[in-house]
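Engineer: predicted structure and sequence below. I'll ask about it afterward.
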Amino acid sequence: MGALNREALDSRSMNDAEPRPSTAMWLEPVAAAVVLGLALFINSGDEWPYMWVIDVVSCTGAALSRRWPVAGAVLTAVGLAVWLPFPGVLPSISGMSFYINIFAAARMDLTWKLPLALGFGGLAYLSLVRNAVQEASYRWSTSILLIVVLVVAWAGGTAFRFADKGIQRERESGQQRLQDLQVSLARELHDSVAQTLSSAAMRANIVMSDPALSPLAKDQLERIADECRSSAHDLRQLLSALRDAPERDVTPGPLADVESLRQAVNAQAERLRGEGFIVSLDLRITKLSAARCQTLAAITVEAANNIVKHAKRGTRCTFSIVQGTENVVGEFTNVRQNSKSVRQGFGLTGVQERLTLLDGTCSVQLKNGRWVLQATLPLGMETNGSQPATFPVAEPLFAEKANS
């Protein structure tokens, strides 16, 4: 077991050193700042004093195209359309910033990226070509150049998206291998330590039935049995945390609690907003055990991963975790992208395994055009006031894994 433990620690160190895939939120603002700097430099000697206002509006829209694509597109379109009433006037170079909006829409895979590209292409032709270029021969060459750069911006955004997904898949594959190793380690701990505790508790119960024992000895044996059962429960919590350890971003500290669960859910919500989704949160939780907070945080990460992979940008998704009198229910929804059924992939299987460890249940179904992932967990000892002695003496923590 020592060799396996060292192997797990070495794998954890390698995983910590791996760079996380970045969404590069800075890319569009930096590109827009470069365009704005060029525009201000080129137009510095222009006699019209308000030229810089158009430059700022156009480039601000391009800079916002990643975080707020709709607002960014509107501002950039205004910066282009303002040249339409001035035929024959050479527009500012800031009008080219609409390519940044197209690049951002392609790499975010927005559902309306094609209408956006066509709309910007048409508006750019009217403002930058037809309205500004007088000679027909120059119009043709300028139009071709406009279309070529538009295609390059679209292709660049698409290539960036696929590259980012490839990095994310590699990282998830490494995390899956680490998690498999930790599951093996957790099973080994269960087979050794947990079985020893269970055996000690059963032996204490058997000896307690001896009528020759003094009351003091029976009292000590009863305490020993209770402590063994309590330790077995604590081991269940630790093994559950060990299985979830590869999801290092779900908890900010070494021990999960309600506050760290809130932070984890908010972090995933911000991640989805950065990806272009509209996120609604409903967190009504007061006190949960560490294992349940850890499990719900890991499920939140998996739900966010599925939304990023399979849902369309620009749609609404909801995260809801509500604590009742007997259960805590987590519900995660997103708009259906197509009519295909849910495949039983590694992510959903991992969610079910985490819930099974704590006697929870999981369901995925389609309701009113939305996919709904619902996870239900019974409340633990920290909330219902029960004692460790109520847990079975020798409950098989990994019975389902062993049988399969």
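Structural biologist: Arrived safely, thanks for sending.

Engineer: pLDDT of stretch 125-132, averaged?
Structural biologist: Across stretch 125-132, pLDDT averages out at 80.

Engineer: which outside residues touch it?
Structural biologist: By CB atoms under 8 Å, 6 or more residues apart in numbering, the surrounding residues in contact with stretch 125-132 are 80-81, 83-84, 86-91, 95-96, 139, 142-143, 146. Placement of C-beta: from N, CA and C, glycine included.

Engineer: look at the nearest residue to S58 once chain neighbours are set aside and give its secondary structure.
Structural biologist: Among residues not flanking S58 along the chain, G79 sits closest, at 2.9 Å (CB to CB, 6 or more residues apart in numbering). Assigned with DSSP: H, G, I helix; E, B strand; the rest coil, G79 falls in the helix class.

Engineer: shouldn't G79 be in contact with S97?
Structural biologist: Yes: at 7.2 Å, G79 counts as touching S97 under the criterion of CB atoms under 8 Å.

Engineer: comparing these two, which residue is more hemmed in?
Structural biologist: Set G79 next to S97 and count neighbours by other CB atoms under 10 Å: S97 wins out with 30 against 26.

Engineer: look up how far A32 lies from the residue nearest to S58.
Structural biologist: If you measure G79 against A32 using CB to CB, to the nearest Å, the figure is 11 Å.

Engineer: overlap in contacts, the two.
Structural biologist: Residues touching both G79 and A32 by CB under 8 Å, 6+ apart: 59, 97.

Engineer: neighbours around S320, how many?
Structural biologist: 16.

Engineer: same check, this time on E227
Structural biologist: Here the count is done by other CB under 10 Å, and E227 has 16 residues near it.

Engineer: which residues of the stretch 251-400 of the chain fall in helices?
Structural biologist: Secondary structure of the stretch 251-400 of the chain by DSSP state H, counting those that start in this stretch: the helices cover 258-274, 290-310, 346-357, 381-384, 399-403.

Engineer: need the winner for burial among the ones you listed.
Structural biologist: With neighbours taken as mean count of other CB atoms under 10 Å, the helices of the stretch 251-400 of the chain reach their highest mean count in helix 290-310, at a mean of 23.

Engineer: format the helices of the stretch 251-400 of the chain as a markdown table; extra columns: distance to W371 and mean pLDDT.
Structural biologist: Formatted as a markdown table, the entries for those read as follows, by distance: least, CB to CB, whole Å; pLDDT from 0 to 100:
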| stretch | distance to W371 | mean pLDDT |
| --- | --- | --- |
| helix 258-274 | 14 | 90 |
| helix 290-310 | 8 | 86 |
| helix 346-357 | 11 | 71 |
| helix 381-384 | 29 | 48 |
| helix 399-403 | 25 | 37 |
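
Engineer: stretch 201-219: which residues count as buried?
Structural biologist: 201, 204, 208, 218 (16 or more other CB atoms under 10 Å).

Engineer: nearest residue to the second one in space, please, no chain neighbours.
Structural biologist: Of all residues not flanking A204 in the chain, A225 sits nearest, at 4.1 Å (CB to CB, 6+ apart).

Engineer: what helix or strand is the one you found on?
Structural biologist: Secondary-structure assignment from DSSP states H and E places A225 in helix 215-243.
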